[in-house]
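S.K.: coordinates only, sequence not included:
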């Protein structure tokens, strides 16, 4: 398994501002994922972030709105840019340790945009 | 393309009663199957997984699930639930050779004292 931490755990932001969410893993992993969970909804994959390459975004998500960094094998950030109330969600990062078929999730960042 | 269907959005169950949460999937290839649990105001925790081998898999907290290939199902069961089982349960599928997880819409399990 993997132990994953996220910062901040929650935040309240004003529309038009940006928030950067950090994800830290206790071991080196190649693949990291960012998900969004809108209120009362399931998880939707935003992008896959591999170290040393550009993130791969899913349909409906663009780099200008959700820029991702992956500077090393234990860390990643997701920025939610120019926020609107529709961005109010839980944002979760997950990792798939090498050789394992399972994804492990962080505790999530609860974002409220006013 | 793949999809996951959780037919029951909410399931109320009396304490100490058995429960089954249903999950069906569609995929053109072989799959890995997972159940995750999300307790209130927390992230997702892996309950159990099917990768290969025995179709009956046991997980944490007394939960088990059975993979049925012919019915493309992976239903989650517990013989006797506890108040602490109150949570949202998500079924997820991953195709062989693909790193992406596809989630169902979730089932909210409420335990009635």
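M.R.: Okay, I see it. The shown structure was predicted, so the numbers you read here are calculated from the model rather than taken from an experiment.
S.K.: what does chain A put close to chain B?
M.R.: A:1, A:31, A:33, A:41-45, A:48, A:92, A:94, A:96, A:101-108, A:110 (CB under 8 Å from any CB of the partner chain). For glycine as for every other residue, the C-beta is placed from the backbone atoms N, C-alpha and C.
S.K.: who's in contact with the closest residue in space to residue B:71 that isn't next to it in sequence?
M.R.: Nearest non-adjacent residue to residue B:71, counting by CB to CB, 6 or more residues apart in numbering or on different chains: residue B:24, 7.4 Å away. Counting by CB atoms under 8 Å, 6 or more residues apart in numbering or on different chains, residue B:24 makes contact with B:4-5, B:7, B:71-74.
S.K.: kindly recompute the last result at 10 Å.
M.R.: Applying CB atoms under 10 Å, 6 or more residues apart in numbering or on different chains, we find residue B:24 in contact with B:3-7, B:68, B:71-75, B:91, B:93, B:104.
S.K.: just these: which are in strands?
M.R.: Those of the contacts of residue B:24 mapping onto strands are B:3-5, B:68, B:73-75, B:91, B:93, per DSSP state E.
S.K.: tell me which element the residue nearest the centre of chain A falls in.
M.R.: Taking CA atoms, centre = their mean, the centroid of chain A lies closest to residue A:34, which sits 3.4 Å from it. In this structure, residue A:34 sits in strand A:31-37 according to DSSP states H and E.
S.K.: can you say which of the contacts of residue B:24 are buried?
M.R.: In terms of neighbour count (16 or more other CB atoms under 10 Å in any protein chain shown), the buried residues within the contacts of residue B:24 are B:4, B:6, B:72-75, B:91, B:93, B:104.
S.K.: returning to that earlier point: any chance of the contacts of residue B:24 in a markdown table with distance to residue A:83 and pLDDT as columns?
M.R.: Below are these laid out as a markdown table (distance: CB to CB, whole Å; pLDDT from 0 to 100):
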| residue | distance to residue A:83 | pLDDT |
| --- | --- | --- |
| B:3 | 30 | 90 |
| B:4 | 29 | 94 |
| B:5 | 32 | 94 |
| B:6 | 30 | 95 |
| B:7 | 35 | 90 |
| B:68 | 44 | 93 |
| B:71 | 43 | 92 |
| B:72 | 39 | 93 |
| B:73 | 40 | 95 |
| B:74 | 37 | 97 |
| B:75 | 39 | 97 |
| B:91 | 31 | 96 |
| B:93 | 31 | 94 |
| B:104 | 28 | 94 |
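S.K.: of those residues, closest to residue A:69?
M.R.: residue B:93 (29.1 Å; CB to CB).
S.K.: any idea how far residue B:18 lies from residue B:4?
M.R.: 23 Å (CB to CB, to the nearest Å).
S.K.: so what pairs up with residue B:112 in the strands?
M.R.: Bridge pairing for residue B:112 (DSSP bridges) gives the partners residue B:14.
S.K.: read off the pLDDT value for it.
M.R.: Here the pLDDT value assigned to residue B:112 is 95.
S.K.: give me the neighbour count for it.
M.R.: By the measure other CB atoms under 10 Å in any protein chain shown, the count of residues near residue B:112 is 11.
S.K.: isn't residue A:64 right up against residue A:80?
M.R.: No. Between residue A:64 and residue A:80 there is no contact under CB atoms under 10 Å: 11.4 Å.
S.K.: those two: which is more packed in?
M.R.: Set residue A:64 next to residue A:80 and count neighbours by other CB under 10 Å: residue A:80 wins out with 25 against 7.
S.K.: noted, bye for now.
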